[in-house]
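In: Structure here, sequence nowhere to be found:
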């Protein structure tokens, strides 16, 4: 393949209005020249990206004229001047809204701390999400599954359950946002390990989808005004493990129902960005950002409830073993990707707007190849 001289790129055309809603007028497509490759660089063709832009747009992380370079994407190396980025390989990388991009292993992570020495040694890059995929992973499944099951969603779900394990047969597990990218995988993994799994989702239709598509035991509408009563009815013997990527008032509702010696796996706070709750100072550090208030800390301490609260990249030195276990589960049929794929590079703005306008299940992605 003859490398192109330019790339198509979506950029911010104007900032969001006072209502915070993303509209087509906020985007513009441009064509920009690609620089010649310098030593240590490679040219990649983007195949698919996971969308994380709703939060970044809401927080005004991109200025007018800029693209969002923080998306996790799957790309193919077409030309290279770095022997550790061999031509023909596939990479998991932070990529922009553009169909071609020049990358380097010296790039720093966008929006996250630098990798630990162990993660840097494994990836041989300076960003925890930037690495060359093993061929058996990159070529073994479709692009959307590679970027969902074997990307940050799958590794977060599995590593979190490992750290909160072992999960015993018959344990009672509650999974928040069970129709979401991490929750849909955590629910399946817990079920595969023998637990009784109840999910939370928004609305009757999405709850029905969760039980049908994920084959878990039950799902409750988290919007129900009597949610606490429904949870107590669903868990007459209490909750052994709560997988929580929501935070906020939901965590406050569930925490008192956790059994003595139970576990709280907290990996995010979507209530601050996707729900009606504004972010509020709950406590110190990551736990505070994820909605673990001092009151919840005290309750869990009194009941010997273990709180696992972290970002997966700090533990990415375990990435290869996570990929191996996830692959075994996919081959066994106990785990499947749940994705919402928009086809075509030209439809990227529509995919981002849809994250505001339309409920979706699983990981929102854009397949650049159509």
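Out: Done, it's in. All values derive from a computational prediction rather than experimental measurement.
In: Give the residue spans of the protein that score low on pLDDT.
Out: 53-55, 58-60, 270-284, 358-360 (pLDDT under 70).
In: domain ranges for it?
Out: 6-133+338-367, 152-312 (automatic domain parsing).
In: export these to CSV and tack on distance to residue 319 and mean neighbour count?
Out: Where C-beta positions appear, they are placed from N, C-alpha and C, glycine not excepted. Below are the domains of the chain laid out as CSV (distance: least, CB to CB, whole Å; neighbours: other CB atoms under 10 Å):
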stretch, distance to residue 319, mean neighbour count
domain 6-133+338-367, 7, 17
domain 152-312, 6, 20
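In: Isn't residue 50 up against residue 363?
Out: Yes: assessed by CB atoms under 8 Å, residue 50 is found in contact with residue 363 at 5.8 Å.
In: Give the residues shared as contacts by those two.
Out: Common contacts of residue 50 and residue 363 (CB atoms under 8 Å, 6 or more residues apart in numbering): 147, 148, 151, 181.
In: Among the residues you listed, which one sits closest to residue 89?
Out: When the shared contacts of residue 50 and residue 363 are compared for distance to residue 89 (CB to CB), residue 147 wins out at 15.7 Å.
In: in what helix or strand does that closest one lie?
Out: Residue 147 belongs to helix 143-149 when elements are defined using DSSP states H and E.
In: And for residue 4?
Out: Here residue 4 is assigned to no helix or strand, by DSSP H and E.
In: Tell me the backbone dihedrals of it, please.
Out: phi -70, psi 160 (degrees, to the nearest 10).
In: what residues are up against residue 258?
Out: Residues near residue 258 by CB under 8 Å, 6+ apart: 238, 239, 240, 242, 264, 300, 303, 305.
In: For residue 82, which non-adjacent residue is spatially closest?
Out: residue 40 (5.1 Å; CB to CB, 6 or more residues apart in numbering).
In: Tell me the spacing between the residue most central in space within the chain and residue 348.
Out: Centroid-nearest residue in the chain: residue 153, 4.1 Å away (criterion: CA atoms, centre = their mean). Applying CB to CB, to the nearest Å, the value for residue 153 to residue 348 is 20 Å.
In: Residue 369: how many residues sit nearby?
Out: 12 (other CB atoms under 10 Å).
In: isn't there a strand covering it?
Out: No: read with DSSP: H, G, I helix; E, B strand; the rest coil, residue 369 is coil and lies in no strand.
In: Now do the same contact list for residue 138.
Out: Residue 138 neighbours (CB under 8 Å, 6+ apart): 74, 89, 90, 146.
In: make it 6 Å
Out: residue 90 (CB atoms under 6 Å, 6 or more residues apart in numbering).
In: The residue nearest to the centre of the chain sits in which helix or strand?
Out: helix 152-163.
In: Show me how far that helix is from its chain's centre.
Out: 10 Å (CA atoms, centre = their mean, to the nearest Å).
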